[in-house]
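>>> The following block contains a protein sequence and its predicted model.
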Amino acid sequence: MPISKMTAKEYERALEELELSNYEFCKLIGVNDRTGRAWINGQYLMQLPTAGLLRLAVRLKVSPARLAKLISEPL
């Protein structure tokens, strides 16, 4: 299944699944929380790389702490 941009509803569900607030997720990935509010309000669709990361985290049931560690670890 090809990766698509994430809708506002899907974003809200993903945050709930991961037990993260919009602010926490935005801080985690290094974007301004206003961008996250725009995702929630449906003003913007989340772009493919971020949507893919978030979907994968939900699918694998990654904890917020583990997600933060995975994002910050160098390759």
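Great, that's in hand.
>>> Would you confirm that I29 contacts I71?
Yes: here I29 reaches I71: they are 6.7 Å apart, a contact under Cβ atoms under 8 Å. The C-beta positions use only the backbone N, C-alpha and C, and glycine is treated the same way.
>>> what sits in contact with each of these two?
Shared contacts of I29 and I71 (Cβ atoms under 8 Å, 6 or more residues apart in numbering): L53.
>>> So these two - more neighbours on which side?
I29 (16 against 12; other Cβ atoms under 10 Å).
>>> Contact partners for that one?
By Cβ under 8 Å, 6+ apart, the contact list for I29 reads T50, L53, I71.
>>> Nearest the middle, which residue of the chain would you pick?
Central residue check for the chain by Cα atoms, centre = their mean: the C-alpha nearest the mean position is that of L54, 4.1 Å away.
>>> what's near enough to touch that residue?
By Cβ under 8 Å, 6+ apart, the contact list for L54 reads M6, Y11, A14, L18, F25, M46.
>>> Run through the neighbouring helices and strands of the helix or strand of the chain with the lowest mean pLDDT.
Lowest on mean pLDDT, DSSP states H and E among the helices and strands of the chain sits helix 64-72, with a mean of 90. Secondary-structure packing of helix 64-72 (3 or more Cβ pairs under 8 Å, 6 or more residues apart in numbering; DSSP states H and E): helix 22-29.
>>> Any buried residues in the helix it packs on, and which?
For helix 22-29, the neighbour count (16 or more other Cβ atoms under 10 Å) marks N22, E24, F25, C26, L28, I29 as buried.
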